[in-house]
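Colleague: Okay, here's the prediction I keep looking at, along with the sequence it came from:
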Amino acid sequence: MVNGGEETGGNSARGKSTVAAFLASARKLAPGLAVALLAVGVSLLVHALVPMLPAMTIAVVLGIAAVNVPGTSSLCQGPWRAGLNFAGKHLMRVGIVFLGLKLSLGDIVNLGWVSVLLVAGVVLLSFAGTYALGKLFRLDGDAPLLIATGFSICGASAIGAMAAVKGTKHEDTVLPVALVTLCGTLAIGILPLLMNPLGLNALEFGQWVGAGVHDVGQVVATAQTAGAVALSAAVVIKLTRVIMLAPIVGVAGVLERKRHTKDRLAQDARNALTGETVAAPRFPPVVPLFVIGFLLMAALRSTGWLSHGAIEAGALAQDIALGAALFGLGSSVRMSELFDTGLRATVMALCAWALIATLAFGAVHLMAA
């Protein structure tokens, strides 16, 4: 009986300790998460008033402003930091899962296999070309890979997915997200001005935007300037690019595991020679769980079982999660540091943007042929 009482008392103490730790963590995260959610509300309101401005772009800009304006800057580095970092990492993954609800595989199949293959070709060539440019401009670490993923597939969401597979530090995703936001925002203002000089009709313009602009919100904001036909074409083409997220992240996961296997064998050999015991590197997932969730959501949407209300609710959940994540990432962008270290990366990103726009333009003409 005594032992049973001691065990019960021990379990009770451990339970209380777990609850106390959870509450302490929640108190630490709450200020930053509350500010991030408030920023999302402001972003959605501004987008409702000015549809040309994508809510996700506004969220990033608000985050950048918050960390660079006296007063809120110290809060971003102090009591808000833990919650903002949590949003930038974990809510990004939640948003990627809900992004799957935007995908209807039937719409993609209806494009025809030629168009689907052309879009896939644009993604692969954009990825390879942007990665090569990143190496040519001697960008550090995983920056070339993250920028290539974001520019060729679906902006910040793709950057977050690739960063998870590579184990990239949170702070190292900040510059790629800032660059993909910059170039996507430029597209909103510049591409509509090129529609008539390039001789594009509404359908072709929509296809060009869908194949060449990075984030879904930026695609919508750019294409809607040419009307409903352009918007519809742009969204379907864009979502065809989004589905490429899973295979590209999967390939990166396989390559990363091979690298870790080599590192582990090398470490085991060193341990055998020195007699020391050094922990082997952890194996990353081939495909992260949230990417599997993204695919499951896309499959669920494709069944036609979901009501319009459920799809709209999923879209709102995605906006809230991604908006909070992008505000968190934006709040890590100090303009002084960006100007000091990001000029070379900015030039590289603009070159990549021009490359992707050119590849997309060529694909549009092949679709019409």
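Modeller: Received it, and whenever you're ready, just let me know what you need. Residues are numbered from 1 along each chain as shown.
Colleague: By mean pLDDT, point me to the weakest helix or strand of this protein.
Modeller: Ranking every helix and strand in the chain by mean pLDDT, DSSP states H and E puts helix 335-341 at the bottom, with a mean of 70.
Colleague: list the helices and strands the next helix or strand after that helix packs on?
Modeller: Next helix or strand after helix 335-341 toward the C-terminus (DSSP states H and E): helix 343-368. On a contact count with 3 or more CB pairs under 8 Å, 6 or more residues apart in numbering; DSSP states H and E, helix 343-368 meets helix 113-136, helix 143-149, helix 174-194, helix 202-212. From N, CA and C alone the C-beta is placed, and that goes for glycine too.
Colleague: Val97 is nearest to which of those?
Modeller: Nearest to Val97, of all the helices and strands packed on helix 343-368, is helix 143-149, at 17.5 Å by CB to CB.
Colleague: show me the contacts for the most centrally placed residue in the chain.
Modeller: The residue lying closest to the centre of the chain (CA atoms, centre = their mean) is Ser157, at 1.5 Å. By CB atoms under 8 Å, 6 or more residues apart in numbering, the contact list for Ser157 reads 92, 95-96, 99, 215, 245, 322.
Colleague: Kindly recompute the last result at 7 Å.
Modeller: Going by CB atoms under 7 Å, 6 or more residues apart in numbering, Ser157 touches 95-96, 99, 322.
Colleague: now those in a markdown table, with neighbour count, distance to Met335 and secondary structure?
Modeller: Listed next are the contacts of Ser157 as a markdown table, based on neighbours: other CB atoms under 10 Å; distance: CB to CB, whole Å; DSSP: H, G, I helix; E, B strand; the rest coil:
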| residue | neighbour count | distance to Met335 | secondary structure |
| --- | --- | --- | --- |
| Gly95 | 25 | 25 | helix |
| Ile96 | 29 | 28 | helix |
| Leu99 | 27 | 29 | helix |
| Leu322 | 29 | 23 | helix |
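Colleague: Go through those residues and name the one nearest Gln207.
Modeller: Using CB to CB, the contacts of Ser157 come closest to Gln207 at Leu99, 21.1 Å.
Colleague: Please determine how far the closest one is located from Arg93.
Modeller: For Leu99, the distance to Arg93 (CB to CB, to the nearest Å) stands at 10 Å.
Colleague: on that earlier part again, nearest approach to Gly253 belongs to which of the helices and strands packed on helix 343-368?
Modeller: Judged by CB to CB, the one of the helices and strands packed on helix 343-368 that comes nearest to Gly253 is helix 143-149, at 12.4 Å.
Colleague: and the closest one, what other elements does it pack with?
Modeller: Packing partners of helix 143-149 (3 or more CB pairs under 7 Å, 6 or more residues apart in numbering; DSSP states H and E): helix 113-136, helix 156-166, helix 174-194, helix 343-368.
Colleague: what comes up buried for the last one?
Modeller: In terms of neighbour count (16 or more other CB atoms under 10 Å), helix 343-368 has its buried residues at 345-346, 348-349, 351-353, 355-357, 359-364, 367.
Colleague: and if you look at stretch 179-187?
Modeller: Neighbour-count burial for stretch 179-187, counted by 16+ other CB under 10 Å, picks out 179-185, 187.
Colleague: go on, stretch 40-51?
Modeller: Going by neighbour count (16+ other CB under 10 Å), the buried part of stretch 40-51 is 40, 43-44, 46-47.
Colleague: starting at the chain centroid, how far to it?
Modeller: Relative to the centre of its chain, stretch 40-51 is centred 20 Å away, using CA atoms, centre = their mean, to the nearest Å.
Colleague: mean confidence for that stretch?
Modeller: Here stretch 40-51 scores 95 as its mean pLDDT.
Colleague: can you list contacts of that stretch?
Modeller: With contacts defined as CB under 7 Å, 6+ apart, stretch 40-51 is touched by 53-55, 58-59, 62, 319-320, 323-324, 327.
Colleague: try stretch 65-77
Modeller: Residues outside stretch 65-77 that contact it (CB under 7 Å, 6+ apart) are 84, 331-335.
Colleague: Same question for stretch 343-357.
Modeller: Residues from elsewhere that reach stretch 343-357 (CB under 7 Å, 6+ apart): 126, 129-130, 133-134, 137, 139, 143, 147, 151-152, 175, 179, 182-183, 212.
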